[in-house]
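Enquirer: model this:
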Amino acid sequence: MLTSRLAQSKGILVGYLGPRSVEMDASYFSKMLASLSSLPSLLSSSTGLGAFASTGSQSVAVVNLVISLAILVILFLLLPWRRLRWPLPMPWDIFRQVSFANLRMVCPESHALDSELLEVTELDPKRFRDVKSDEATLPLQELLEWIAKHPFTGYKGGIARLVAKILWLERGNPDLESEIQGFNDIDLICFLQDGEEQQKAEMKELVDAGLSIGGIPVEAQDVEYSYDTIPHVLATRDLTQNQCIIVSDGAGRVFLINAQICHKHTLQSKTAPAAASDNSTLDDLGNVVAKPRAVGRAIIQWMKGRARIVELSEATTKFYRAQKLPKMTLFQVFCKAKGNEMYMKVYTELLRLGFVDHQQFPHVLWGECYAYVNSLISRHGYRLELESDFDSAAVEKWKEAKYAEQLARTRISIFRDFRFHRMVLDETFLMPYVIADTPLTAGLKGHTDAGQLEHPSREHLTRLRRLQSRTAIAAEGGSLTSSTARFEQTQPGTTFRLGGSEAADSAIRLIRSTAHEKGEEKARQIVERILSSGGAFLEQDDLPDDQHDPLLNQNMFGKLTMTETFLHLCRIAKIAWPRFLASFLVNGFAAVLFVLVINHVVSAYWLLCAAAANALGAWLFISASNHAMLNVLSSMFLALLNIKADAFSTRMFSEVWSRLVGDTRALQGVLESCSELTIEALTAIGAFFVLSSSVEPSCDSAIWGTLLLVLSTGVSMVAISLLAGFSLRHASRMSRSMIGYLYSYMFTSLSNFFETKFIPELFASTTAAYETIQGASLEQRKRLLLIHQVVSIFLRVTEFAALTQALYRIVHSSTDTSCLHSYSIEAMSIPILLSALRRASEALLQLFASVGSLERLFLLSRALLRYSTPRFDGINRIASDRIMVEIPHSFTVSLGSPQFGPFAQIPPLASVKPGSLNAWAMPRGSGATTLAKIFLRIVDAPARVKIDGEHVEQYEQETLNFAIHVIDHAPLPSSVARTPGQGHTLAEYVQLDLEDVGTPLDACLHQAGIWDQVANIPHGIECTEWSSYMTKPEAFRVQLARAIFRASLGTIRMLMVLDPLRHCNASEIDETRRSWIQALRPLMKDTLVLIIDQTSDPRKWAD
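Expert: Purely as a prediction, here's the structure:
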């Protein structure tokens, strides 16, 4: 009995091979079993694949395994291991995980040859003679005598290095000779104290007047005014050889002051980055390495022959061998290389160090660096003028900007340098250099003690460092803790949320905590309202239908039934029904091929044709869905742009944005679920047809029971999917409603970013509300996913159980070998049928899970259509070549309540035509903007305003929008943006992306009188924040430039300017008026220019 069952099972397996397998006898099965039993010996034998190849399909499996392993090995070897690094920190690594005490401060290591005590050498100017080079003569004696006459002034840079090397090296030394040959300017420094602003002003006047020392001109950019001490200046130098300075005291004595590392490196002909935080950064492993700028400066000194060795730490060398020097640093190095020989010298050295990649053509690297730097400069809208002149005021502003940049950089160092090893570079670290207290240095010491210890930009860092230095960091339980009172209140997860390090009972902490609690409470109320009612806004139910806000109305659920949703989906499919039908037919053809293969009518090779048909069907369906989605979303966008302007609100913006952008994936997911449901349904129908038609009279003992089992399993899968689907639909609605409110809340918060960031009470409440709403949203998503996962698990278990029972029935149903063909068909059909039913049920689940987003999309579409207004519903052209505007009588427009207002008072306007400036006086607040809305048909005022004898409302809106251009002050009507052109570059705003059609941009800006201001803002015409860099009158004239460009297109017939003199100073009004008249004069001939003046006398606009 067991043998017959085994033979029957073997027959089922052989049935997969085709019709010929029916004729095979038991001897074939015995041979196959013998082959399978010899598999281990075949794999271990020395014959390898040659002996194994005779086993047929098993050899194919081994070949596939070998190919797959080869692919994996190749991919592993081709991975860009050089680019693999420890990931950069993310906000979740810092804000909610660590406190201030968790951050371990590290600092650069001081050089072993250095000392805290500075070397001070008195210099006698008379002992120094003029130093001659091939090109010039350096009058050292005169230079030293000049600073002796000006107390506490000195030289740094080249002169200081030259004097030091003259003292320490013999003439003829290559380093000294290179220093002499390379001298090119004077770096002057003036040490000041508080209250010595007069001395600073006098020196600036002297430099601007053309100061010359020993025949060498002193330029403004070569003079530094420092309130720091001499040790601080030396500690902040970039290279060790630059840590020397020549300075005079109050008695007229001249000193060379240098660090010991400067002296020793000069004798050893070395140069290296100085030990200072400004010259250092952290690599990905927390090692302190030199910054690229410092490495580049050291290489430049080596290239010029000032040193024979560039000394870099092991960590620095390893870091730049892996990451390479950035192109900006390479540009700074290569631009100092004079001639091809020097360029190849430095290129070869960088290649030896491993700091650059090998180039087939070495000079290509210079071209790449030059192009990179040029692209950076061009982004700012500036030209690099190497020969430009600077005055003292400009240089001072530049230096203050550098101090501010340094201040901002150090304040964010915690978030920039924090790594998973929790190390932060101590940005305040400097070598604690001191000048020895001797009678010789008494004058210098007195000046140091009387002055400030550090530059004001570093005072906050000094304080932080003093507090941090008292922090006892110890490892307890694997974490770092602090015993400093400053950090006793900082706790991971609450420090950044509840606020800093103030005491727990302080008033600030109490206010912040209260704001946080109120924000959470308000957010919880919104969440409860959404969960109980389906929407965040309930007051809409009491309003008439014509007063419903589109956003609020579509937030309420229960408006669409499943039938309506299904019908809307069918209408979407109708848009591209030929392609959807073609996809259905192709997939049906693939199902027929599957049926034929299962019935052994055709061989298994036809499965390739079925797969190709399925791929073609998928392509047809995707193209059809894309066509339908494009039509749907474009129609929604057009409906949005055609709604009444007063129906669009700030709150509506976020909802429309989320639907038109975020829900596209949901709509596509719904269509894909429908496609999968169709394909699996066809597959199930085909498998069921094969299963029911393969029954033979002599072999039907178990098939009807199997059919009943499969049918009951399929019905249970569909029933459970439908039951879970309704629950998923409800959870999907709640989840999408929560997400919709989160979109609205996020947009409101980010729209008021300045207030949210700089008002701490608002900061705390906004953070708490966001966290609460996002938590509730994730909870709804968890419920949604949990239902989906549980039902999916149930479907898989049900399929496995049914498959086990069905196959068991077939195997144990009969011993008749004549039924092998029927059993093989049944053994193939049942798994395919059950698998198709399970996948169809999962597609049904996915369809229900996505229906929430789909319903919100349909509801918003319906609301947009309700508020849409036609643009082509009247006179489509202005007949007269010279437009005429007239307001026969004054009238009133209600902007709010018809009884209480507010009201716009529009005075009468006599007939005006092109040819002159038409200025009109209207009091501010009387309705000038409302009048502009009437001209554009944003506000209706029937039978009040005439254009060429016809009332405005008789023209179609599209015609008026082309013919009339309005220049108004922000905020513009129905616009979410606070300033005109927000988010667009200045060029895009003015030219409307039609730069090849109208007047060139520079001509428009010149005519508007704004070109000079645009040329000096950051990024120039590519600036997206141009309105914030300009004054309001200047930004208003950018709108004029746009009007000039539109006029050049030949469509504008009327230009309306509202109060162009607003926000102007009293002394600038006349000049501003003249510039506007000059800009508008070329437009007067063909365009009606109407100026509404609310600031001055309109009669002064007379041309």
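Enquirer: Tell me which stretches of the stretch 701-850 of the chain form helices.
Expert: According to DSSP state H, counting those that start in this stretch, the stretch 701-850 of the chain carries its helices in the segments 703-751, 753-758, 760-811, 820-866.
Enquirer: avg pLDDT for the longest one?
Expert: So that's helix 760-811. The average pLDDT for helix 760-811 rounds to 82.
Enquirer: Who are the packing partners of it?
Expert: In terms of contact count using 3 or more Cβ pairs under 8 Å, 6 or more residues apart in numbering; DSSP states H and E, helix 760-811 is assigned the packing partners helix 2-14, helix 495-498, helix 507-533, helix 703-751, helix 753-758, helix 820-866. Yep, even glycine has a C-beta here, placed from its N, CA and C like the rest.
Enquirer: Just put the helices of the stretch 701-850 of the chain in JSON lines and tack on distance to Gln332 and mean neighbour count.
Expert: Compiled in JSON lines, the helices of the stretch 701-850 of the chain are given as follows (distance: least, Cβ to Cβ, whole Å; neighbours: other Cβ atoms under 10 Å):
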{"stretch": "helix 703-751", "distance to Gln332": "39", "mean neighbour count": "19"}
{"stretch": "helix 753-758", "distance to Gln332": "36", "mean neighbour count": "11"}
{"stretch": "helix 760-811", "distance to Gln332": "41", "mean neighbour count": "17"}
{"stretch": "helix 820-866", "distance to Gln332": "53", "mean neighbour count": "23"}
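Enquirer: got these as JSON lines, with distance to Met328 columns?
Expert: Rendered in JSON lines, the data for the helices of the stretch 701-850 of the chain read as follows (distance: least, Cβ to Cβ, whole Å):
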{"stretch": "helix 703-751", "distance to Met328": "33"}
{"stretch": "helix 753-758", "distance to Met328": "31"}
{"stretch": "helix 760-811", "distance to Met328": "36"}
{"stretch": "helix 820-866", "distance to Met328": "46"}
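Enquirer: what's the closest of those to Cys369?
Expert: helix 753-758 (37.1 Å; Cβ to Cβ).
Enquirer: What lies in contact with stretch 756-772?
Expert: 497-499, 508, 511-513, 515-520, 522-524, 527, 742, 745-746, 749-750, 755 (Cβ atoms under 8 Å, 6 or more residues apart in numbering).
Enquirer: Buried ones only from those residues, please, as a ChimeraX command.
Expert: With 16 or more other Cβ atoms under 10 Å as the criterion, this ChimeraX line picks the buried residues out of the contacts of stretch 756-772:
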select :497,498,499,512,513,515,516,519,520,523,527,742,745,746,749
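Enquirer: so where is the stretch 851-1000 of the chain shaky, pLDDT-wise?
Expert: 852-853, 870-872, 972-974, 976 (pLDDT under 70).
Enquirer: try the stretch 351-500 of the chain
Expert: 377-424, 427-428, 446-500.
Enquirer: Now do the SS call for Val997.
Expert: Following DSSP: H, G, I helix; E, B strand; the rest coil, Val997 is assigned to coil.
Enquirer: how about the nearest residue to it, chain neighbours excluded?
Expert: Using Cβ to Cβ, 6 or more residues apart in numbering and skipping residues adjacent in sequence, the residue nearest Val997 is Leu1049, 6.4 Å away.
Enquirer: For the closest residue in space to Phe152 that isn't next to it in sequence, grab the count of nearby residues.
Expert: In space, and not counting its chain neighbours, Phe152 is closest to Phe191: 4.4 Å by Cβ to Cβ, 6+ apart. Neighbour count of Phe191, defined by other Cβ atoms under 10 Å: 24.
Enquirer: And Lys1032, by the same measure?
Expert: Neighbours of Lys1032 under the rule other Cβ under 10 Å: 14.
Enquirer: Hmm, it is touching Pro1060, no?
Expert: No. The pair Lys1032 / Pro1060 is not scored as a contact, 10.9 Å apart, by Cβ atoms under 8 Å.
Enquirer: sorry, back to before: between the helices of the stretch 701-850 of the chain, which one is nearest to Ser916?
Expert: Closest among the helices of the stretch 701-850 of the chain, once you apply Cβ to Cβ, is helix 703-751, at 42.3 Å.
Enquirer: if you average pLDDT over that closest one, what comes out?
Expert: Mean predicted confidence for helix 703-751 is 77.
Enquirer: One more: stretch 822-830?
Expert: Stretch 822-830 comes out with an average pLDDT of 74.
Enquirer: same thing with stretch 591-600?
Expert: Mean predicted confidence for stretch 591-600 is 78.
Enquirer: Give me the buried positions along that stretch.
Expert: By neighbour count on 16+ other Cβ under 10 Å, the buried set for stretch 591-600 is 591, 593-600.
Enquirer: do stretch 1034-1050 as well
Expert: 1034-1048.
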